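Trainee: Please find the sequence and the predicted model below.
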Amino acid sequence: MPPELKIKTMTGYRINTVCAGAALTVFLLSGCAQRRAEIADMRCEYMSSPIGIGANTPPRFTWNYTGDDDFVQQRCRVRVASTKAALADSLADGDVWSSPEIVSVNGFAQYDAPQPLEPRTRYYWNAVAWGDDGRIVVSPVDSFETAQADLSGWTARWITVRRNRRGTRRASLHERSGLREDAVERQAGYAEPP
């Protein structure tokens, strides 16, 4: 065999060995790396960040997991607070309510504090879950807002489209301001009782 053919064969063999070794290293590291479980799809009363849930009805909280398929919840806890900052420490109690540790594999908890939630108030909540392997997963903070509980003291009138003296319809506030109604992302209106 000519000498230059031996060099090419040896070089090709070295390149193939290096590529195979790198591929094997990547494969082994990806198999050893543990994927993180994360809490996702957080819902209060089966809605994401709801506005106007009943203040007299105890809210229910649900969530799912993404990321690590091997994570199995063994216990969980929900915390409710009046500010996001009150939930910064993942193991401290919420300033409004904290559930006891619930032994369950399901992402579910219900508000069961003796005091009802305040009407027309925004609350923040998150969940903490403990896995069967000892891992702790803390959810991001989400919010919900309670509705007006008692409408008996309200004397407001419905806001409707007015007609001018000729009986033709006047432009609505959205039309006069140039906003399209489908461009409004979120709006909530409350009137104070007299």
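Mentor: Arrived safely, thanks for sending.
Trainee: which sections of this protein are below the confidence cut-off?
Mentor: Applying pLDDT under 70 to the chain flags the ranges 1-34, 152-154, 158-165, 167-194.
Trainee: can you give me the strands in the chain?
Mentor: In the chain, the segments counted as strands under DSSP state E are 38-44, 51-53, 60-66, 73-81, 97-98, 102-103, 108-110, 122-131, 136-138, 142-146.
Trainee: Turn those into CSV, including mean neighbour count.
Mentor: Yep, even glycine has a C-beta here, placed from its N, CA and C like the rest. Shown next, in CSV, are the strands of the chain (neighbours: other C-beta atoms under 10 Å):
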stretch, mean neighbour count
strand 38-44, 18
strand 51-53, 16
strand 60-66, 18
strand 73-81, 21
strand 97-98, 17
strand 102-103, 12
strand 108-110, 16
strand 122-131, 20
strand 136-138, 16
strand 142-146, 20
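Trainee: Nearest to Arg166 among those strands would be which one?
Mentor: Closest approach to Arg166 among those (C-beta to C-beta): strand 51-53, 37.6 Å.
Trainee: re earlier: which one of the strands of the chain lies closest to Leu91?
Mentor: Nearest of the strands of the chain to Leu91, taken as C-beta to C-beta: strand 122-131 at 7.2 Å.
Trainee: Taking strand 60-66 as reference, get the angle to the closest one.
Mentor: Angle of strand 122-131 versus strand 60-66, following axes from the mean of the first three to the mean of the last three C-alpha atoms, to 10 degrees, is 50 degrees.
Trainee: Direction included, what does strand 122-131 pair against?
Mentor: In the sheet containing strand 122-131, its partner strands are strand 73-81 (antiparallel), strand 136-138 (antiparallel), strand 142-146 (antiparallel), by DSSP bridges.
Trainee: hey, where'd the helices end up in the chain?
Mentor: 3-32, 173-177 (DSSP state H).
Trainee: Contact partners for the closest residue to Pro140 other than its chain neighbours?
Mentor: What sits nearest to Pro140 in space, not counting adjacent residues and going by C-beta to C-beta, 6 or more residues apart in numbering, is Asn126, at 6.7 Å. Neighbour list for Asn126: Met42, Val78, Arg79, Leu87, Ser90, Val138, Ser139, Pro140, Val141, Asp142 [criterion: C-beta atoms under 8 Å, 6 or more residues apart in numbering].
Trainee: repeat that for 7 Å
Mentor: Going by C-beta atoms under 7 Å, 6 or more residues apart in numbering, Asn126 touches Arg79, Leu87, Val138, Ser139, Pro140, Val141, Asp142.
Trainee: distance of it from Ser82?
Mentor: 13 Å (C-beta to C-beta, to the nearest Å).
Trainee: on that earlier part again, measure the residue nearest to Pro140 to Asn56 for me?
Mentor: Distance of Asn126 to Asn56, computed by C-beta to C-beta: 24 Å.
Trainee: swap in Val96?
Mentor: For Val96, the distance to Asn56 - C-beta to C-beta - is 16 Å.
Trainee: No further questions, thank you.
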